[in-house]
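[1] with the sequence up front, the predicted model follows.
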Amino acid sequence: MPRFTIEDLGWNDFFAKHFEPYAAEGWKPARLIRDNKISYGALLDDGAGGFDELEVILSGKVYHDAETDADLPAVGDWVALDVGKEGTDTVIRARLPRQTCFSRKAPGLSTEEQVIAANVDTVIVITDSETDFNVRRLERYFALIARSGAKAVVLINKIDLTSKEQNEEAAAAIRELNPQADVHLTSVIKRKGMKVVRDYLKRGKSVAFIGSSGVGKSAMVNLLLGEEWQWTDEVNEKTGRGRHTTTARELIVLDGGGILIDNPGIKEVQMWTDETTLRERFADIDQLALDCRFGDCKHGKDAGCAIRAAVEAGTLDPARYEGYLKLEEEIAELLKKRKKRQMTVERVFKRDHKIKARNREDRRDIERNLRPSRHDFRDS
């Protein structure tokens, strides 16, 4: 049985520094491994070469101090625990600042940020070179990963089901899209490329696995763990494909070193980023824009548009440019919705403030009217 230390769980000088004021309270550092909606699963160093897994609850102060759901503790976060005595709850008293935060816009019509994994060093996107392969979706993943501060890695899985040429073309397209990303070809069934995956799972380093349903992510997690951690459906005899069955986000400490965060299949890759990050991902297009004749060029039918000229000349992929415009439009719409929501919240706050002020004034008037005057006692 391997012996662990708190450093194996990802603890470092950054978290130790921010934990100092909580240590003075007698609280203990722990890392969240599960979000159970009304409680959390947490790992606490037991001081004897292992971890205690605890069921913990959130204090009211931490809940009410959070301005948005994204400020609440999430899987991967380090927290300060007030460890209860036997028969009492163990309570999260504070969430430590995050080193990285991989998030997206919450699915649906919400304008809120959804934290997928906190404090991850590497985000591994799993796809294939066939039905799941989508450069525009990967473009979105890369924008979100860049904003998080983590390293981007892409695994083109199930290479045993497609031709070598098709797999290599997919890898080349991804490298062209993001030269900074590591791209690897893998096959869980054939055990190909798995050594390079394990190389990212080093002691104290956290790796988040994400991807669409059906790309073999659960099977890969099972192989890395050496056991059937996530149940996968039987593989279809005709297509050779299984169905992804991860249902909850979970942090797992591997015996051989490294921390793995598994996530359910992601259907929507909605943007939660800013203009700066977006422009970093599309620096080539921004560079072209500098050559436009007019500074306020909309890059549509404007005369002298350098970007449109590059598309027409074949030096800029039309699909990449359309993806850029779509992402820019989506971010602008998100910012607009957030501003509108903020204005609504401010209006409600001002209205409630006025009502409270009016109620206080009414109470003062009533008290003044009920208070006896000196004339009431002149005949007594």
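    That came through, no problem.

[2] check which helix or strand E329 maps to.
    Following DSSP states H and E, one finds E329 within helix 318-370.

[3] swap in Q114?
    Q114 is part of strand 113-118, with elements assigned from DSSP H and E.

[4] averaged pLDDT, that strand. What do you get?
    For strand 113-118, mean pLDDT rounds to 85.

[5] ok, and what's touching that strand?
    With CB atoms under 8 Å, 6 or more residues apart in numbering as the test, strand 113-118 has contacts from 68-70, 74-77, 98, 100-107, 123, 206, 208, 210, 249, 261, 263, 272. Quick note: C-beta positions are derived from backbone N, CA and C, even for glycine.

[6] distance from stretch 124-138 to the middle of the chain?
    Offset of stretch 124-138 from its chain centre (CA atoms, centre = their mean, to the nearest Å): 19 Å.

[7] do the same with stretch 39-59
    22 Å.

[8] only C-alpha atoms, please: export it in CSV.
    Extracted in CSV, the C-alpha atoms of stretch 39-59 (Å, rounded to 0.1, in the frame of the first residue of the first chain):
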residue,chain,number,x,y,z
SER,A,39,-22.7,18.1,0.6
TYR,A,40,-19.2,17.5,-0.6
GLY,A,41,-16.7,14.6,-0.5
ALA,A,42,-13.3,15.8,0.8
LEU,A,43,-9.8,14.2,1.3
LEU,A,44,-7.9,15.1,4.5
ASP,A,45,-4.3,14.1,5.2
ASP,A,46,-4.4,11.6,8.1
GLY,A,47,-0.8,12.2,9.0
ALA,A,48,0.0,8.5,8.7
GLY,A,49,0.6,8.1,5.0
GLY,A,50,-2.9,8.2,3.8
PHE,A,51,-6.1,10.2,3.5
ASP,A,52,-9.4,10.3,5.4
GLU,A,53,-12.4,10.7,3.1
LEU,A,54,-15.1,12.9,4.8
GLU,A,55,-18.6,14.0,4.0
VAL,A,56,-18.6,17.7,4.7
ILE,A,57,-21.1,20.5,4.5
LEU,A,58,-20.9,24.2,3.5
SER,A,59,-21.1,26.9,6.2
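
[9] show the average pLDDT along the helix holding E329.
    Averaging pLDDT along helix 318-370 yields 67.

[10] ok, now stretch 146-154?
    Mean pLDDT, computed over stretch 146-154, is 93.

[11] one more: stretch 4-17?
    Looking at stretch 4-17 alone, the average pLDDT works out to 93.

[12] please begin residue numbering at 11 from this point
    Sure thing, new numbering starts at 11, so read that last one as stretch 14-27.

[13] would you mark the buried spots in that stretch?
    For stretch 14-27, a neighbour-count test (16 or more other CB atoms under 10 Å) marks 14, 16, 18-21, 25 as buried.

[14] could I get those residues as JSON lines with secondary structure?
    JSON lines is the format used below for those (DSSP: H, G, I helix; E, B strand; the rest coil):
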{"residue": "F14", "secondary structure": "coil"}
{"residue": "I16", "secondary structure": "helix"}
{"residue": "D18", "secondary structure": "helix"}
{"residue": "L19", "secondary structure": "helix"}
{"residue": "G20", "secondary structure": "coil"}
{"residue": "W21", "secondary structure": "coil"}
{"residue": "F25", "secondary structure": "helix"}
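
[15] what separation do you get for Y334 and D296?
    Remark: distance between Y334 and D296 (CB to CB, to the nearest Å) = 9 Å.

[16] oh sorry, the question was meant for H194
    Distance of H194 to D296, computed by CB to CB: 29 Å.

[17] now T132
    Per CB to CB, T132 is found 27 Å from D296.

[18] between those two, point out the one with more neighbours.
    Legend: neighbour count by other CB atoms under 10 Å for T132 and D296, higher for T132 (20 against 14).

[19] so where is the stretch 11-160 of the chain shaky, pLDDT-wise?
    Residue ranges of the stretch 11-160 of the chain with pLDDT under 70: 11-12, 115-122.

[20] now the strands for it?
    Assigned by DSSP state E, counting those that start in this stretch, the stretch 11-160 of the chain shows strands spanning 38-45, 50-55, 61-68, 88-92, 100-105, 111-115, 123-128, 132-137.

[21] want to try JSON lines for those, with distance to N177 as columns?
    Formatted as JSON lines, the strands of the stretch 11-160 of the chain follow (distance: least, CB to CB, whole Å):
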{"stretch": "strand 38-45", "distance to N177": "34"}
{"stretch": "strand 50-55", "distance to N177": "38"}
{"stretch": "strand 61-68", "distance to N177": "39"}
{"stretch": "strand 88-92", "distance to N177": "39"}
{"stretch": "strand 100-105", "distance to N177": "42"}
{"stretch": "strand 111-115", "distance to N177": "26"}
{"stretch": "strand 123-128", "distance to N177": "27"}
{"stretch": "strand 132-137", "distance to N177": "11"}
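
[22] most tightly packed of these?
    Each of the strands of the stretch 11-160 of the chain was scored by mean neighbour count; the highest is strand 132-137, a mean of 25, by mean count of other CB atoms under 10 Å.

[23] list the neighbouring strands of it plus their orientation.
    strand 161-166 (parallel), strand 216-221 (parallel) (DSSP bridges).

[24] make JSON lines out of those strands and add distance to I317 and mean neighbour count.
    Formatted as JSON lines, the strands paired with strand 132-137 follow (distance: least, CB to CB, whole Å; neighbours: other CB atoms under 10 Å):
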{"stretch": "strand 161-166", "distance to I317": "25", "mean neighbour count": "23"}
{"stretch": "strand 216-221", "distance to I317": "31", "mean neighbour count": "25"}
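
[25] helix/strand/coil for the nearest residue to L335 once chain neighbours are set aside?
    Sequence neighbours aside, H309 is the residue nearest to L335 in space, at 7.7 Å (criterion: CB to CB, 6 or more residues apart in numbering). Classification of H309 using three-state DSSP returns coil.
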